[in-house]
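Undergrad: need a 3D model of the sequence below.
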Amino acid sequence: MELSRRRFIAAGAAGGAAIWLPSAARIADAAPRRRVPLARDGGFSAGVMSGDPGPRSVTLWTRLDDAGPRRLRLHLEMSTDQDFKRVVLRRDVPAIHTADHTAKVRVGGLEPDTRYWFRFSTKTTHSEVGRTQTAPPADSQRPIKIGYFACQDFASGFYGVYEQLLALDPDIVICGGDYIYDRIYSDSGYGGIREDKAGSGPDSVARKLREYRAKYRLYRSDPDLRELHRLVPFVAQWDDHEVVDNYVGTLQTKEPQPADDGSEQDTFTAGRIMNGWRAWHEYMPSLRYGKSFRTYRKLRFGRNVELFMCDSRSYREDQGCGGSGFKRCDDLDVPRKYLGAEQLAWLKSGLAGSKANWKIVGNQLMIMPFNVQDGVPVEVDSWNGYHAERNDLLAHIGDRAKDVVFLTGDIHTFFAGEVLRAGESGPPVATELVGGSTTSLGTSQTLSQQGGGGSLPPELFKPLTESGIPVANPWIQYAETRTHGCAFATISDTEVRAQYLGSQEVTTSEASRQVRTLADLRVARGTPGVEVLASS
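TA: The predicted structure is shown next:
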C-alpha cells in the first residue's frame, strides 16, 4: 500500500508527524469523539510492536485487554527520546472492537534512519515503552543488520535465542512464516514442553477466528518474543501454519478440502483460511492494501538492501504428487502456479529494476532442491514441487538481476548454498540462506522418528544425514539438521555476512538462552554461493 494513496487522517503535535489508519480504523475514527471514549483502564499483555519501516514512516501496534464489546480509543505518544521530553506525536487512536481491540496505525512524516520511542495509554494504565527505527534514505551506504526467524511452535520449546539476537542490535527482524501453529502436531512429535490450550481438543486445533486470535495472544506471552518486538521493527510474512498445514489458498470453498496427510484436523475451508488471514492482519504491524489480504510487498533500506516479501500460499495451485514427497513423481515439471501470475510478474520486474546492491527475497519455502536422491524430493510443498515456475524465475534472475539472496524458513533446518539456473543444473544465479526453526522439530528429529519407526526405508533415510545431504544435493554447501535457533545477517555494499545462532536446548527457558554460533557464512557480491568461514 503506497502512502500517497492513503487517506490522510491527522497531523501530529510536531515535526510533521502524521497518522494514517487502516480502513476499519477509519470507520471508528470517523465517529464523533464524544461517542468513542478514551478507555478508562485495561492492560496491554500482548505488548507493543512496530513494523514495515520506511524512511519516513512505520506501523505501530498494540492490543487492549478486557475491553468488552465497546468501541474505545487509546492515547498514543511518540518521541525522539525514551523519556518523552521531545514528543513528535500525540494522538488518540481507535482500538477496534471488531479486530479484537487491536490498535494498528501507520505514522508518517518521520525522519529517516532515526530511532523513536512510543507508548499507548488509557486514562489509568499504560503500555510498555516501545522502540522503533525508520529505514535509511535511498542514498545511504550504511550496512543493514537483519535478524531472521521462522517456525516457532510454542508448545515445543522456548525462545531464548531471541535474547542473543536482540543483543546483536538488528535494524529489522523478519519472520519467514509459521509465527503461530494452528495446532499441536503431537502425532509428529510436537508439543510436550509448554501448554497450548488456545484451540479446541487435545491438539488445540484452531478453526474459528477467536481460536486464531487466542494463539497470537498465547505466543505473545513469551517474554523473549515480547522484548524482541518491543525494541526492533518487525517485517512478517505468513506461511501455512497461520492457517493449517500445507493449505492452498486458491482452493477456497465451503466444502472441506482434504489434507495432504489425510488428517481431518488439517482439512480447510474458505472460512478457515479467512479466519487465519484476518487474525494475522489484526496481530501483525504490517502494511495493508485496502481491504485485500495481500501480503507481498517490498521495502527499501538505503543503497544496500531492497527486501521483497513473497507470499507462496495464497495464489498457488495444488501441489503435485498428491502433496507427498519421498517418492518419484512424473508430474513435478507440469506447469503450476506457485506465486501466481501477478505476484511473479511483480517479483521479476522488481528484481530486474532494483538499484539496490542486494536484492533480498523473503521466501517462505526452499527454492534450492532438497532431494533424498536424484529425482526423489523430500517434499513437494516448496518450490521443488513447482519446477516450471521456479526455473522461469531463476532464468530471469540469471539474465536480468544480480546479487539476489533468498532468505528462507519452513524446513526447520539450517541450510546455505547456490541456487542454480535450472534448479538441479546450470550455473549459480543466486544464493539461499535457510534460517532453521526456533523450536519446531528439525529434519534430523523428524526423519529419526520416521526411520526409527520403519516408515522410511533405510536407503532413503541414510542419505539425509548431515554428511549425506550434500551428496544428494551438491548445491547445498552447509547443513545443520539438529539445532534450533535463528539467523542474523549484516549486509554491506561488498558482502553478506550471516551467522546461524543455535540454542543449546529449547526444552527449558535457561537452556534456550545458552546460544552458540553454528556457522559464520559469507556471500561475496558478484559471486552467487556461500563461503563457510567457520562452523561448529
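Undergrad: all contacts plus neighbour counts: C-alpha atoms, from now on.
TA: Will do.
Undergrad: tell me which stretches of the stretch 251-400 of the chain form strands.
TA: Remark: strands assigned in the stretch 251-400 of the chain by DSSP state E, counting those that start in this stretch are 297-301, 305-309, 358-363, 371-373, 376-377.
Undergrad: okay, how far is it across stretch 127-138, tip to tip?
TA: Chord length of stretch 127-138, first to last residue, is 33 Å (CA to CA, to the nearest Å).
Undergrad: give the buried residues for it.
TA: Of the residues in stretch 127-138, Ser127, Glu128, Val129, Gly130, Arg131, Thr132, Gln133, Thr134, Ala135, Pro136, Pro137, Ala138 count as buried by neighbour count, 16 or more other CA atoms under 10 Å.
Undergrad: strands - which of these land there?
TA: Residues of these located in strands (DSSP state E): Gly130, Arg131, Thr132, Gln133.
Undergrad: isn't the second one up against Val232?
TA: Yes. With contacts counted by CA atoms under 8 Å, Arg131 reaches Val232, the gap being 6.6 Å.
Undergrad: one step back: now the buried residues of stretch 127-138 in JSON lines, with pLDDT?
TA: Output for the buried residues of stretch 127-138, formatted as JSON lines (pLDDT from 0 to 100):
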{"residue": "Ser127", "pLDDT": "98"}
{"residue": "Glu128", "pLDDT": "98"}
{"residue": "Val129", "pLDDT": "98"}
{"residue": "Gly130", "pLDDT": "98"}
{"residue": "Arg131", "pLDDT": "98"}
{"residue": "Thr132", "pLDDT": "98"}
{"residue": "Gln133", "pLDDT": "98"}
{"residue": "Thr134", "pLDDT": "98"}
{"residue": "Ala135", "pLDDT": "98"}
{"residue": "Pro136", "pLDDT": "98"}
{"residue": "Pro137", "pLDDT": "97"}
{"residue": "Ala138", "pLDDT": "94"}
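Undergrad: out of those residues, which comes closest to Asp92?
TA: Distance to Asp92 across these (CA to CA) is lowest for Ser127, with 14.2 Å.
Undergrad: quick revisit: winner for burial among the strands of the stretch 251-400 of the chain?
TA: Highest mean neighbour count of the strands of the stretch 251-400 of the chain: strand 358-363, a mean of 24 (counted as mean count of other CA atoms under 10 Å).
Undergrad: now that one: average pLDDT?
TA: Average pLDDT, strand 358-363: 98.
Undergrad: what's in contact with it?
TA: 176, 304-312, 351, 402-409, 491, 493 (CA atoms under 8 Å, 6 or more residues apart in numbering).
Undergrad: on that earlier part again, which of the ones in strands among the buried residues of stretch 127-138 sits closest to Arg213?
TA: Gly130 (21.9 Å).
Undergrad: from Glu531, how far out is the closest one?
TA: Distance from Gly130 to Glu531, counting by CA to CA: 37 Å.
Undergrad: hang on, Leu501 is in a strand, isn't it?
TA: Yes. Leu501: assigned to a strand according to DSSP: H, G, I helix; E, B strand; the rest coil.
Undergrad: how about the contacts made by the residue lying closest to it once chain neighbours are set aside?
TA: Of all residues not flanking Leu501 in the chain, Thr517 sits nearest, at 4.7 Å (CA to CA, 6 or more residues apart in numbering). Going by CA under 8 Å, 6+ apart, Thr517 touches Gln499, Tyr500, Leu501, Gly502, Ser535, Ser536.
Undergrad: so what's the closest residue to the fifth one other than its chain neighbours up against?
TA: Here the nearest residue to Ser535 in space, its sequence neighbours aside, is Ala519; by CA to CA, 6+ apart that works out to 4.1 Å. Residues in contact with Ala519, defined by CA under 8 Å, 6+ apart, are Ala498, Gln499, Tyr500, Leu501, Val532, Leu533, Ala534, Ser535, Ser536.
Undergrad: can you classify Ala519 by secondary structure?
TA: Ala519 is classified as strand under three-state DSSP.
Undergrad: quickly list what it is bridged to.
TA: Tyr500, Ser535 (DSSP bridges).
Undergrad: and it, what pLDDT?
TA: You'll see Ala519 listed with a pLDDT of 98.
Undergrad: Leu533 now?
TA: On the pLDDT scale, Leu533 gets 97.
Undergrad: and it, how far from Thr517?
TA: 12 Å.
Undergrad: which stretches of the stretch 401-536 of the chain have low pLDDT?
TA: 447-463, 465-466 (pLDDT under 70).
Undergrad: which residue ranges of it form helices?
TA: With DSSP state H, counting those that start in this stretch as the definition, the stretch 401-536 of the chain shows helices at residue ranges 443-452, 458-461, 469-472, 509-512.
Undergrad: could you count how many residues lie near the closest residue in space to Thr446 that isn't next to it in sequence?
TA: Among residues not flanking Thr446 along the chain, Ser188 sits closest, at 7.4 Å (CA to CA, 6+ apart). If you count neighbours by other CA atoms under 10 Å, Ser188 ends up with 12.
Undergrad: gap between Ser188 and Ser263?
TA: From Ser188 to Ser263 the distance is 12 Å (CA to CA).
Undergrad: which stretches of the stretch 51-200 of the chain form helices?
TA: 161-167.
Undergrad: dump the strands of the stretch 251-400 of the chain to CSV, plus distance to Thr250.
TA: Formatted as CSV, the strands of the stretch 251-400 of the chain follow (distance: least, CA to CA, whole Å):
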stretch, distance to Thr250
strand 297-301, 19
strand 305-309, 19
strand 358-363, 19
strand 371-373, 27
strand 376-377, 24
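Undergrad: quick one: closest of the ones you listed to Thr439.
TA: Nearest to Thr439 among the strands of the stretch 251-400 of the chain is strand 358-363 (19.3 Å), distances taken as CA to CA.
Undergrad: that closest one pairs with which strands?
TA: Strand 358-363 has these strand partners (DSSP bridges): strand 305-309 (parallel), strand 404-408 (parallel).
Undergrad: let me have those in JSON lines, extended by distance to Cys329.
TA: Shown next, in JSON lines, are the strands paired with strand 358-363 (distance: least, CA to CA, whole Å):
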{"stretch": "strand 305-309", "distance to Cys329": "30"}
{"stretch": "strand 404-408", "distance to Cys329": "25"}
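Undergrad: out of these, nearest to Leu332?
TA: Of all the strands paired with strand 358-363, strand 404-408 comes closest under CA to CA, at 21.1 Å.
Undergrad: CA atoms of the closest one as CSV?
TA: C-alpha atoms of strand 404-408 as CSV (Å, rounded to 0.1, in the frame of the first residue of the first chain):
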residue,chain,number,x,y,z
VAL,A,404,19.9,-12.0,-5.2
VAL,A,405,19.7,-13.8,-1.9
PHE,A,406,16.7,-15.9,-0.9
LEU,A,407,16.1,-15.8,2.9
THR,A,408,14.1,-18.9,3.7
